[in-house]
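Pasted the sequence and its predicted model underneath.
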Amino acid sequence: MKSIKKDFPILSKQINGKRLAYLDNAASTQKPKAVIDALSHYEMNLHANVHRGIHHLSQEATQEYEKVREKIKNYINAEQVDEIIYTKGTTESINLLATSLAKLCIHKNDEIVISTAEHHANIVPWQQACQATGAKLVVCPIDQNGDIELEAFNSLLSPRTKIVSISHISNVLGSINPIEIMIKNAKKYGAITIVDAAQSIAHLPIDVTQLGCDFLTFSAHKIHGPTGTGILYGKYEHLTAMPPFMTGGDMIKTVSFEQTTFNSPPYKFEAGTPNISGVIGLGYAIDYLSQFSWDEKLNYENSLTKYLIESLSAIHGLRIIGNPNKRSAIASFVLDAVHPHDIATILDEHGVAIRAGHHCAMPLMEYLELPATARASLSLYNDKEDIDQLCNAIEDTKRIFQ
Amino acid sequence: MSNLIELYRDLILDHNKNPRNFGELENATKSIEGVNPLCGDKLKLFLLLENDLIKDISFIGTGCAISVASASMMTENAKGLEVNQCLELYAMVHSMLTGKDEIDEERLGKIMALSGVKAYPSRVKCASLSWHALKQALSTNQLMASTE
């Protein structure tokens, strides 16, 4: 795959007088010029509120905004366009599910299964749902490599399992979870299956029809789109049965002071004026990525990830956290006697952007017995030079702290 | 790289490697936990107060070099001070870290080694965590101090 770095204006920026090596893609990805131009075009030529207006601009904005549902439907191979709900992001998508499902069907003594390696956004909403209903949160263990313990997972499943909510890829360890088999096994007990695809949406082909999951969530800004926009995919039959999450304008059919009838999905879950430009930007981000085949993208990312792991492994005193069966473009690491925050500060001085901290996965950190890790995460626009720059900066960190 | 050299001065690196007054204080009359929820840094301060005098002080915890060195220097400086003097020192350190007010560099002495933090807004809280906890311990009955 030829370099696409030039498509991303921000990547030509200098940081502290150095070439920018942006390796914090698991936190947020950069936008190609095509997306930035589309956002600017929208603001200058198309903006109006959607769904309500009779006037020309509103109709055009609505058309552009609704077109994206079709793109998302195709991108994840959903069955129908009404199964695509616009949200603020993965966090809101999971909160919507936890709140609405708690009202609909989670009862006392039901079990909700997550894993040790979940992001707080896939833990806290379920804790809240458990508090509201008397259900129990069940945590599936991972092994020292960072892989889900599949046997343990299977043994946790029972007729009490109401929900299984698992991340596709761990945002800390980069492990790709075997969600196909997990969904299949959970389905044997009639559990509702939810895939948190925040980390996988830009990195793996996703086919919800083939997976058979009931719901899937992701954020636009992790796939080169704008922040404040995300997607909840849900099987239509569920969406019809579920009560709304937020209420207000646009999600209703009729309102009187005595009674309100709700709109049909997806609008039932989209109260208020949405992030119109965010959605349109997401559409263009998907168009941008779709110009490359999955073969091309996977080959390039896999070889770059291999180079990252090899380069980091060659650094004396550095330990990569986790050694999963299948790894996505993420590597967490620690250095002997240097705290990850100090690593991140020194790397930044070298123009290298990484993330340091608990990565919103405190229970996982506790399991790993680490207060924090440093994390480098790749995207398609990264190259070997970025990784070399990272490794040189790590060597400098070691020199300062020797 | 000059900012980096200012940040990680030898004195800071030394306090990080060999933190002073590190450990629990068995006869402490007061203890307080300090957390930085943004990064997960955690420390616990132990104080032995006799009337208004800080007779002894120690800390335990994990954190980056800046937060450990700052806590170590804080205990060195607070030991033997009276509560009012300590609160005065806190105010001076706070001004130094945030670069807001004029400061008495002479009075701060070696603590000035922490002044490199000013150039790194994201790290100011690392340096202020222990001082913040100290202030809370001396001026309130809270058992927990947070940088947020």
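Perfect, thanks for sending it.

In which helix or strand does the closest residue to A:Ala314 other than its chain neighbours reside?
Of all residues beyond its chain neighbours, the one nearest A:Ala314 is A:Cys391 (7.7 Å), with distances taken as C-beta to C-beta, 6 or more residues apart in numbering or on different chains. Every C-beta, even on glycine, is put in place using the N, C-alpha and C of the backbone. In this assignment (DSSP states H and E), A:Cys391 forms part of helix A:384-401.

Just the buried positions in the helix or strand of chain A with the lowest mean pLDDT, please.
Every helix and strand of chain A was ranked by mean pLDDT, DSSP states H and E. The lowest is strand A:252-255, at a mean of 90. By neighbour count on 16 or more other C-beta atoms under 10 Å in any protein chain shown, the buried set for strand A:252-255 is A:Ile252.

just checking, what packs against that strand?
Packing partners of strand A:252-255 (3 or more C-beta pairs under 8 Å, 6 or more residues apart in numbering or on different chains; DSSP states H and E): strand A:260-262.

just to confirm, which helix or strand has A:Ile343 in it?
Applying DSSP H and E, one finds A:Ile343 within helix A:340-349.

can you list the residues of the stretch 201-350 of chain A near chain B?
Along the stretch 201-350 of chain A, the residues adjacent to chain B under the rule C-beta under 8 Å from any C-beta of the partner chain are A:Ala337, A:Val338, A:His339, A:Pro340, A:His341, A:Asp342, A:Thr345, A:Ile346, A:Glu349.

The residue nearest to A:Ala314 touches A:Leu318, doesn't it?
No. With contact defined as C-beta atoms under 8 Å, A:Cys391 does not count as touching A:Leu318 (9.1 Å).

so what sits against both of the two?
A:Leu312 (C-beta atoms under 8 Å, 6 or more residues apart in numbering or on different chains).

Now do the helices in chain A.
A:33-41, A:56-76, A:90-104, A:124-133, A:150-156, A:179-188, A:208-211, A:236-241, A:276-290, A:294-313, A:340-349, A:362-368, A:384-401 (DSSP state H).

Can you check what angle separates the longest one from helix A:276-290?
If you take axes from the mean of the first three to the mean of the last three C-alpha atoms, to 10 degrees, helix A:56-76 sits at 40 degrees to helix A:276-290.

so what secondary structure elements neighbour helix A:56-76?
Against helix A:56-76 (3+ C-beta pairs under 8 Å, 6+ apart) you get strand A:84-87, strand A:230-234, helix A:276-290.

Stretch A:21-40 close to chain B?
No. Applying C-beta under 8 Å from any C-beta, one finds stretch A:21-40 out of contact with chain B, separated by at least 13.3 Å.

So for that stretch, mean pLDDT?
Here stretch A:21-40 scores 98 as its mean pLDDT.

and the end-to-end length of it?
26 Å (C-alpha to C-alpha, to the nearest Å).

For it, which residues meet the burial criterion?
Neighbour count says stretch A:21-40 has A:21-27, A:29-32, A:34-36, A:38-39 buried, by 16+ other C-beta under 10 Å.

Quick one: name the residues of chain B near chain A.
So chain B meets chain A at B:1, B:3-4, B:7-8, B:13, B:17, B:38-42, B:62-66, B:68, B:120, B:122-123, B:126 (C-beta under 8 Å from any C-beta).

count of neighbours near A:Lys384?
Look at A:Lys384: counted by other C-beta atoms under 10 Å in any protein chain shown, it has 12 neighbours.

right, and B:Leu38 touches B:Arg123 too?
No. Using C-beta under 8 Å, B:Leu38 is not in contact with B:Arg123, being 10.9 Å away.

Show the model's pLDDT score for B:Leu11.
94.

likewise B:Thr147?
So B:Thr147 comes in at 69 (pLDDT).

List the contacts of A:Glu149.
By C-beta under 8 Å, 6+ apart, the neighbours of A:Glu149 are A:Cys140, A:Pro141, A:Ile142, A:Asp143.

do the same with A:Ile343
A:Leu335, A:Ile354, A:Ala356, A:Ala374, A:Ile394, A:Thr397.

try A:Met362
With C-beta under 8 Å, 6+ apart, A:Met362 has these contacts: A:His120, B:Gly40.

Now stretch A:128-138: buried residues?
Those would be A:Ala129, A:Cys130, A:Thr133, A:Ala135, A:Val138, for stretch A:128-138 by 16+ other C-beta under 10 Å.

same thing with stretch B:114-130?
B:114-118, B:120, B:123-130.
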